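>>> return atomic coordinates for the entry below.
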Amino acid sequence: MSVETDAASLLNGFAAWLDAAMNRKLPPEVQAFSFNLYEAPGTWDMEVTGAAAFDPANADWACDPLFSYPELFYMPRDIVGTEWEHALAVGIELVTIYLRGGKHREVLQSSLAVAIGFVDGDLTIVWPEMTA
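Next comes the predicted model:
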């Protein structure tokens with residue numbers, strides 16, 4: 001399988017996973033979304049959650065979610081890489097691409113913020129604009 005095929009397969013799988021998550025009835029109180037990354041043997045795992053508030057000055061805004069999609073998205077290390085920095089970069093790219101053209105992008109874009117990061121690390125805001 002080529003790198004292009006692997007990347008396309010990963011993107012298509014992510015879009016299908018996030019479509020299913022955003023197709024659920026979300027609590028109306030959800031104000032922001034967080035994509036949480038986890039390290040697992042052979043994969044980097046991602047979950048999506050929705051929080052009742054967003055406060056860029058408080059790094060814990062995503063710690064008490066109102067919504068958590070029960071299915072995880074698995075990013076194989078043989079495609080994404082073995083370093084956590086690669087997993088984060090790929091995760092940011094997947095979320096950013098979805099925000100540009102995903103089926104339910106308006107659900108995410110109607111929130112105050114969309115962020116991604118490892119559960120025990122810092123979050124990177126990818127919506128409304130990319131900031132470090």
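>>> what about the most centrally placed residue in the chain, helix or strand, and which?
Centroid-nearest residue in the chain: residue 35, 3.2 Å away (criterion: Cα atoms, centre = their mean). Per DSSP states H and E: residue 35 is located in strand 32-40.
>>> for the next helix or strand after that strand, list every residue counted as buried.
Counting by DSSP H and E, the next helix or strand C-terminal to strand 32-40 is strand 43-51. Judged by neighbour count using 16 or more other Cβ atoms under 10 Å, the buried positions of strand 43-51 are 43-44, 46-51. Just so you know, the C-beta spots here come from the backbone N, C-alpha and C atoms, and that holds for glycine as well.
>>> pull the longest helix from this protein.
Longest helix in the chain by number of residues, with DSSP state H as the criterion: helix 3-22.
>>> average pLDDT for that one?
Taken as a whole, helix 3-22 carries a mean pLDDT of 89.
>>> tell me which other helices or strands that helix touches.
Judged by 3 or more Cβ pairs under 8 Å, 6 or more residues apart in numbering; DSSP states H and E, the packing partners of helix 3-22 are strand 73-76, helix 77-80, helix 84-101.
>>> pLDDT weak spots in this protein?
Applying pLDDT under 70 to the chain flags residues 1-5, 130-132.
>>> rewinding a little: partners of the strand holding residue 35 in the sheet?
Paired with strand 32-40 in the same sheet, following DSSP bridges, are strand 43-51 (antiparallel), strand 113-118 (parallel).
>>> among those strands, which is nearest residue 24?
Among the strands paired with strand 32-40, the nearest to residue 24 by Cβ to Cβ is strand 43-51 (10.0 Å).
>>> so what touches that closest one?
18, 21, 26-27, 30-39, 61-62, 64-69, 72-77, 80, 84, 87, 90-91, 111 (Cβ atoms under 8 Å, 6 or more residues apart in numbering).
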